[in-house]
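Visitor: Just to be clear, the model below is a prediction. Sequence and coordinates:
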Amino acid sequence: MTKNSTDSPERNLSLFLGCIAPNRYPGIESATRNVMERLGISLKELEGASCCPAPGVFQSFDKKTWLTLASRNLCLSEALDADLLTVCNGCYATLADTNRILKEDNDEKAGVNEKLSEIGKEFAGKIEVRHIVEYLFREVSPVKIRDEITHPLDLRVAVHYGCHLIKPSHERKLGSVENPSFFDELVEATGARSIEYEDKTACCGAGGGARSAVQDVALRLMEKKLEHMQRADVDCIVDACPFCHLQFDQGQYELAGLQGKEFSIPVLHYSQLLGLALGYSPEELGIYLNRTQNSEFYTKLGEMAENKFPGKKLGEGIDSQKGGVPV
């Protein structure tokens, strides 16, 4: 599979960025665009999208408003005749669940469409909602991704699934919720090793308003996970959600400031890990924008690139606008 591959899935995709990626971690957006282009998957621009909105807080207080706001975003993708692709677990939960609810419940659909009619829109239920990790696993496959890798990553990775990517399991249908493997397979397709650690599927601590309302609780939950990851001697954390990403990245900075506890474990979204394995530099993938920095990690990346392409740095020779690998 290459940028012009005929093996790439034919269904159109729109890119739903959500709030945190464009506002706090633009590297996730650039990494997503780079790796999808390299894999031959085009993305349509979803103009005018709003917050998803968040699955826990909004739905708990006002389900009707939650459904209406989410369905408006779905309508934007329907107008493009494109399935909606998100890079965030929370956005995936809201948009996928709203899509399912409105397709199955005619009363809910009628109520939502009554409100949407005020802005000239109507939910038709003709698209699907995809998460980048779920999409790459199902539609591309770890085997095909492995075939595209130019810079295999000799890294020990702590995979963090997050809550909404795998729960509720009867809706996500991605295998065991207690012992999932699909994300690990995608990580290992890059050459990295997914290292087992205690409480792997536990929450990062950010969701449900916890990070905003009870920061001390959110940090304690995260600290416990970080301790397990540290004991597993990992090189980095790889997540599938900008909010989990924010929690681990900014949270480590907060722990250091509030409690003097230093973990210094680099945090990457899967799109960034895959980007490294495809030859993009940390700068091109926005990894340097993270709060949590670790010079040893960058040194290791540089050594891996030097071993693969003597005399070249990771990312050297890549046209950041068009893609391509060092030759």
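Guide: Alright, I've got the coordinates. Numbering: from 1, shown residues only.

Visitor: in this protein, which ranges drop under the pLDDT threshold?
Guide: In the prediction, the chain carries residues with pLDDT under 70 at positions 1-10, 169, 208, 210, 212-213, 307-327.

Visitor: All the strands of it, residue numbers only.
Guide: Secondary structure of the chain, counting by DSSP state E: strands at 13-16, 44-45, 83-86, 129-131, 156-159, 193-194, 236-239, 267-269.

Visitor: got a list of contacts for the third one?
Guide: Judged by Cβ atoms under 8 Å, 6 or more residues apart in numbering, the contacts made with strand 83-86 from elsewhere in the structure are 11-18, 43, 46, 52, 73-74, 77, 92, 95, 127-132, 135. No exception for glycine: its C-beta is placed from N, CA and C like everyone else's.

Visitor: what's the spacing between that strand and its chain's center?
Guide: Centroid separation for strand 83-86 versus its chain: 12 Å, with Cα atoms, centre = their mean, to the nearest Å.

Visitor: Can you tell me the strand partners of that strand and which way each runs?
Guide: strand 13-16 (parallel), strand 129-131 (parallel) (DSSP bridges).

Visitor: Turn those strands into a markdown table, including mean neighbour count and distance to Leu39.
Guide: Formatted as a markdown table, the strands paired with strand 83-86 follow (neighbours: other Cβ atoms under 10 Å; distance: least, Cβ to Cβ, whole Å):
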| stretch | mean neighbour count | distance to Leu39 |
| --- | --- | --- |
| strand 13-16 | 24 | 12 |
| strand 129-131 | 24 | 14 |
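
Visitor: Switch the ones you listed over to CSV, and while doing so, append distance to Leu246 to every line.
Guide: Shown next, in CSV, are the strands paired with strand 83-86 (distance: least, Cβ to Cβ, whole Å):
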stretch, distance to Leu246
strand 13-16, 18
strand 129-131, 17
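
Visitor: Minimum distance to Lys63: which of those has it?
Guide: strand 129-131 (17.8 Å; Cβ to Cβ).

Visitor: residues making contact with that closest one?
Guide: For strand 129-131, contacts defined as Cβ under 8 Å, 6+ apart pick out 13, 74, 83-89, 92, 95-96, 99, 165, 240.

Visitor: ok, now with 6 Å
Guide: Strand 129-131 has contacts (Cβ atoms under 6 Å, 6 or more residues apart in numbering) with Asp83, Leu84, Leu85, Thr86, Tyr92, Leu95, Ala96, Asn99.

Visitor: which residues sit in contact with the fifth one?
Guide: The one in question is Tyr92. Thr86, His131.

Visitor: mind redoing it with 8 Å?
Guide: Thr86, Val129, His131, Glu134, His164, Leu165.

Visitor: center of the chain - which residue?
Guide: Centrality entry for the chain: nearest residue to the mean C-alpha point is Ala240, 3.2 Å, by Cα atoms, centre = their mean.

Visitor: which non-adjacent residue is nearest that residue?
Guide: Nearest residue to Ala240 in three dimensions, chain neighbours excluded: Val133, at 4.6 Å (Cβ to Cβ, 6 or more residues apart in numbering).

Visitor: Just give me the neighbour total for that neighbour.
Guide: Val133 has 27 neighbours, counted by other Cβ atoms under 10 Å.

Visitor: Would you check that it makes contact with Asp184?
Guide: No - using Cβ atoms under 8 Å, Val133 and Asp184 do not qualify as a contacting pair, with a distance of 10.7 Å.

Visitor: circling back to that earlier point, looking at the strands of the chain, which is nearest to Lys173?
Guide: It is, among the strands of the chain and with distance given as Cβ to Cβ, strand 129-131, at 12.3 Å.

Visitor: and that closest one, how far out from the chain's middle?
Guide: 11 Å.

Visitor: Likewise for stretch 138-154?
Guide: Offset of stretch 138-154 from its chain centre (Cα atoms, centre = their mean): 17 Å.

Visitor: How about stretch 280-290?
Guide: Using Cα atoms, centre = their mean, the offset of stretch 280-290 from its chain centre is 15 Å.

Visitor: swap in stretch 214-221?
Guide: Distance of stretch 214-221 from the chain centroid (Cα atoms, centre = their mean) equals 22 Å.

Visitor: who's in contact with that stretch?
Guide: The contact list for stretch 214-221 (Cβ under 8 Å, 6+ apart) reads Ala202, Cys203, Cys204, Gly205, Ala206, Ala210, Arg211, Gln247, Gly251, Glu254, Leu255, Leu258.

Visitor: Which positions within it qualify as buried?
Guide: Neighbour counts using 16 or more other Cβ atoms under 10 Å place Ala218, Leu219, Leu221 of stretch 214-221 among the buried residues.

Visitor: Among the residues you listed, which one sits closest to Lys63?
Guide: Out of the buried residues of stretch 214-221, the member with the shortest distance to Lys63 (by Cβ to Cβ) is Ala218, at 24.6 Å.
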